[in-house]
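Colleague: Sequence first, predicted coordinates after that:
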Amino acid sequence: MKKMFLTENPEIPQMDGFKPPDNAARGAMVRTDDGCPFAQQAEKLAFKAINAFSRPRNKFKTSIKASPQALEDGTENYLSNSAELNKKPPVARHFPPSKFSPPPNSLPLITRHKVLARMLNAENAKLMVLDAPAGFGKTTLLRSLHDLLTADKKAVAWLTLDAGDNDLDQLTFNLAQALQKMRLPVPLFSHGFETEAFAHLDQYRPRMFDAVVATGIPFVLILDEFEIVRHPAVLSLIQQTVEALGAGQQIIIGCRGKPLINLARLRARQQLLECNATHMRFRLKETTEFLREKRHLKLNDSDLQKLHEITDGWPAALWLSSLALENNPDPRQFIKTFTGSNSSVAAYLAEDVLSQKPQYLQEFILQTSILPQFCIESCIAVTGHPDSKQLLEEIEGSNMFITPLDDQRKWFSYHPLFATFLQSQLAQRHPGVARDLHRRASRWHLDQDQAIFAIDHAVAADDKQLLLELLEQKAEALLLQGRVRLLARWFDTLNQQSLESNSKLIFVYAWVLIHTNRSGEALALQEALGHSDDAAYLRPDSDMLISYPAAMALRTFSLVMLDRIEETAPLWEGAQLLDNDTYEPFLQTMLMIGCAYYYATIGRYQEARQALDRVIQRDANKRSLFGSAVAGYMNSMLDMLQGNFRSAGARLHLLIGEQPPPGGARYGADSGFSSIYLAQIYYETGLLDKAKRLLKLYLPLVKEAGTPDHLITSHLIYARILRAEGNINDALQTLFDMEHLGLQRGLPRLVDMARIERARGAIMDGDLVTARDMLALIKTRSASVHPDFQPIAHDIDNPALALMRLDVHSAKAIAAVPVLKTHLDDAYRRGRMHFALRIKVVYALALANAGQTLLAFATIREALQEALPENFVRIFLDEGPALLALIEAFLDELQRPTSKVPGESCDKRHHMALVIFAEKLLATHSANHLAAQSDGDHPVTKGTSVIVPMSSDDSSLLRNAKISDITERERDVLHLLAKGHGNQLIAEKLFVSVTTVRAHLRNINIKLDAHTRTEAIAIARERAIIR
């Protein structure tokens, strides 16, 4: 079963989808789409079993049957009615000839010396943008630049974008192919990378990104027709690639409008060159050269000046004018009566030029204008003209309208500027003919096995019956390839009644709605078609279109995506749904995964793990390990809820593997969601640079296809990383994006969590008024049906904790103490250990602010002891300076010979490990604060790098420390310490920070094996280190 993808233009095999390894060995991991929700991952396999679980009406009962082999193989069903699809060899990969090279040109053109010189001299620009309307010669200019760079033996790549490049995986593949074709002294990718990566697309994106980052070789990547790209995930990938470029590496974009990427930072850093219509217009000298030397028109200076002024140097208008003037007996009169310089000029001139052609040629041009791209064969099929070859040659010879797409001149297209005009002329002259032409085009493309073109023409023909027939044949395969947006566009042209008797298309459309953030419509579709009555599915004589387990799978994942998971609770009561062996195995697997996800939210972790174990057991003897892959990262999620981040990290690294060197192989399962969980682990343990890299890579995918909990977790962590770097504006923008997403999709929890995070940031900045205003906007939710229900993402923060945090910082700490204690005890009871630790640090701060200092010290000691084995550092750092001051005071108290800090006693080794951990928290906070003050625009990596994983039994520092290692600065600290000076006075005398003094004291204690300051001074005197 090959991993294939299709583009809208033309029929390209897509690598988008589920692929078990061929002849998979035991233990091999399965790859699924990056960033897909559970339901979207499921679709890849679900449709191998659609007909096994669909329950058609009586008149359809004999048409669809599941083979015994299908039921035996579970997720790898081979259905009798789709045997041809399964047996059919994969379509060979094919791209338009001009996809990776500039389109050829035979027109008489001039060289734009001034604009080219401006581009060639912009050596510091990472990005160049050619932004101008149609007809300003952007592609021509880019082709000239490409040819100049190639002649100069520079590494240059070309990629013409099309609608299919709004698919993130396809664009990644196409970018890599374009870069691979560059002339480089050292290949950008390893030998065989193309074939290997084609089979494992989910690993393709990070490997391509790494290769671009790692290479230091200058190159230029040209992206033409960028205006077509609008998908947020695709735009984010382009933005990341631009930011990752090194010295001498450039991306050049040609587009008809401002590209939908952030240019402000590049502009501020003088790494952006912008060329707009003003730069692209012909100067008078260029107009003269073009019309006289290239078009051989005999015009005097006055006529040239007039025509230049009228057209305002618009190249397309000048070209059309030259066509109209070519055989015009009175050029001066034409120029005198010709007015306008906008798009209406194109229509006027096109009509004038078209009317000069013979009638038979006009009809042929109008008829073929419905084809986005065409060849001789397609023209014959659509127009019925057997002499299409001669007609195309005649059109091309007249230099009118047509553009060749390949060097062999087999494929052509009309310039978009004129295609719309031609189509409107066709509708005016021959009403209704376009529909018949589209039908013929649809049949021809279907015969060529070009399903997407065929269906597009059926939609354009407004032929619902033809569209239904084609969707019946092709929708399943396209859904398996992940083409949900394409399918949504087609299905949206149909009415609900046309689907009522087709179980397959109902199921396809419902999944499409879920995956395009329209889960509410998916539920409404099921209810409208009578699929909301659960009892109806249990009757043997039920006449429902979709079987009960299939409908429940759709309902479950619709509710998950709508943030209404609590409504799935009735499904999981009792064992009827999960233990029914008559259900198709894959559906049962998916229902168990849904059940485990719900159990995780109510603290039934053991039952959740048991459900996931059953998933793994079911997959043990199957060729597909999809369920095992999902169960793997869900087990990691459970580990994290219970505070076992080391265990979770081990699971995730087993699933997705470590990052390979550029061009190397990496194997794993679902790197999208697994990487989001891994990013959270990196963040909580202080590895912010690693967390940020994963989030930048996968956040666009999560925004596109993630559950609400994934959206909240990824956005909050990313915003906190940016804040830690000092990039406050970017952090706020991330939260605004999350808030807008929640409002747009009707997910109020996203809005609330974005405002809660803004409130937390305001508290950290001491702006309690803003924090209070933000939290006042949080709507009170009705009590959960289950008393222990807590969404997964609320491990990071939640409304109750946010309000208590505000009270702690607003002189209401005394009132907050008992409330926090209740919440803390409840979190421990429910086994949410990581969340309990988050509450505990706020509780410790509340105790301190309430005047219960010793109890606060005891609580912070417990929190540090609990955090140390897992190296939880961000829980402390995220609560800001007030908590860090409490830790500092706690360390001061520990240093006192008469310390009264209550708590469990521990040996020196564990005591010092705790002190070292606390000191590193303070050092990290200090480093981040100083770096953010010095340059808020640059990421702070020094502050994060000092945090390293530690465990309480790590005694290597104690074993390896030597007395002879005492430095001169440490001797100075010992001298001042022996005089009875405190940390602050020592810092002032040595002109260093208090944090630095603490670091020296920690090192002294380690080297002297001392427990207190007094003991350190005594040992130092005894060994003559000081007198």
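Modeller: Nice, I can see it.

Colleague: Using CSV, write out every CA atom in the helix or strand harbouring residue 422.
Modeller: According to DSSP states H and E, residue 422 maps onto helix 416-429. Written as CSV, here are the backbone C-alpha positions of helix 416-429 (Å, rounded to 0.1, in the frame of the first residue of the first chain):
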residue,chain,number,x,y,z
PRO,A,416,-4.9,34.3,-16.8
LEU,A,417,-5.3,37.9,-17.7
PHE,A,418,-7.1,36.9,-20.8
ALA,A,419,-8.7,33.6,-19.9
THR,A,420,-11.4,35.2,-17.9
PHE,A,421,-12.2,37.6,-20.8
LEU,A,422,-12.4,34.6,-23.2
GLN,A,423,-14.7,32.7,-20.9
SER,A,424,-17.0,35.7,-20.5
GLN,A,425,-17.1,36.0,-24.3
LEU,A,426,-18.0,32.4,-24.6
ALA,A,427,-20.9,32.8,-22.2
GLN,A,428,-22.2,35.9,-24.1
ARG,A,429,-21.9,34.4,-27.6
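
Colleague: Helix or strand next in line after it, which one?
Modeller: Heading C-terminal from helix 416-429 (DSSP H and E), you reach helix 433-447.

Colleague: buried ones in that next one?
Modeller: Under the neighbour-count criterion of 16 or more other C-beta atoms under 10 Å, helix 433-447 has 434, 437-446 buried. The way it works is simple: take the backbone N, C-alpha and C, and place the C-beta from them, glycine included.

Colleague: Just give me the closest of the residues you listed to residue 224.
Modeller: Set against residue 224, the nearest of the buried residues of helix 433-447 by C-beta to C-beta is residue 445 (24.8 Å).

Colleague: what's near enough to touch the closest one?
Modeller: Neighbouring residues of residue 445 by C-beta atoms under 8 Å, 6 or more residues apart in numbering: 378, 451, 453-454, 457.

Colleague: Local confidence estimate at it?
Modeller: pLDDT for residue 445: 91.

Colleague: The closest residue to residue 684 other than its chain neighbours: how many residues sit nearby?
Modeller: In this structure, residue 684 finds its nearest non-sequential neighbour in residue 874, 5.0 Å apart by C-beta to C-beta, 6 or more residues apart in numbering. Here the count is done by other C-beta atoms under 10 Å, and residue 874 has 28 residues near it.

Colleague: helix or strand right after the host helix or strand of residue 974?
Modeller: Assessed by DSSP H and E, residue 974 sits inside helix 968-978. Toward the C-terminus, helix 968-978 is succeeded by helix 983-990 as the next helix or strand (DSSP H and E).

Colleague: Looking at the helix or strand following that next one now, give me its mean pLDDT.
Modeller: Under the assignment DSSP H and E, the closest C-terminal helix or strand after helix 983-990 is helix 994-1008. Here helix 994-1008 scores 79 as its mean pLDDT.

Colleague: before we move on, back to that, quick one: the helix holding residue 422 to helix 433-447, angle?
Modeller: Orientation check (axes from the mean of the first three to the mean of the last three C-alpha atoms, to 10 degrees): helix 416-429 against helix 433-447 gives 120 degrees.

Colleague: ok now helix 416-429, how far from the chain's centre?
Modeller: 38 Å (C-alpha atoms, centre = their mean, to the nearest Å).

Colleague: list the buried ones in that helix?
Modeller: 417-423, 425-426.

Colleague: before we move on, what about stretch 501-520?
Modeller: For stretch 501-520, by 16+ other C-beta under 10 Å, it's 502-520.

Colleague: Sitting in helices, which of these do you find?
Modeller: The members of the buried residues of stretch 501-520 that map onto helices under DSSP state H are 503-515, 519-520.

Colleague: Could you work out the most separated pair of these?
Modeller: 504 and 520 (22.4 Å).

Colleague: which ones are touching the residue nearest in space to the middle of the chain?
Modeller: Centroid-nearest residue in the chain: residue 700, 2.3 Å away (criterion: C-alpha atoms, centre = their mean). The contact partners of residue 700, by C-beta under 8 Å, 6+ apart, come to 35, 168, 232-237.

Colleague: Just among the residues you listed, which is most surrounded?
Modeller: residue 35 leads these on contacts (other C-beta under 10 Å) with 28 neighbours.

Colleague: thinking again about what came up before, from the contacts of residue 700, which ones fall inside helices?
Modeller: Using DSSP H, these in helices are 168, 232-237.

Colleague: count of neighbours near residue 689?
Modeller: Around residue 689 there are 15 residues (other C-beta under 10 Å).
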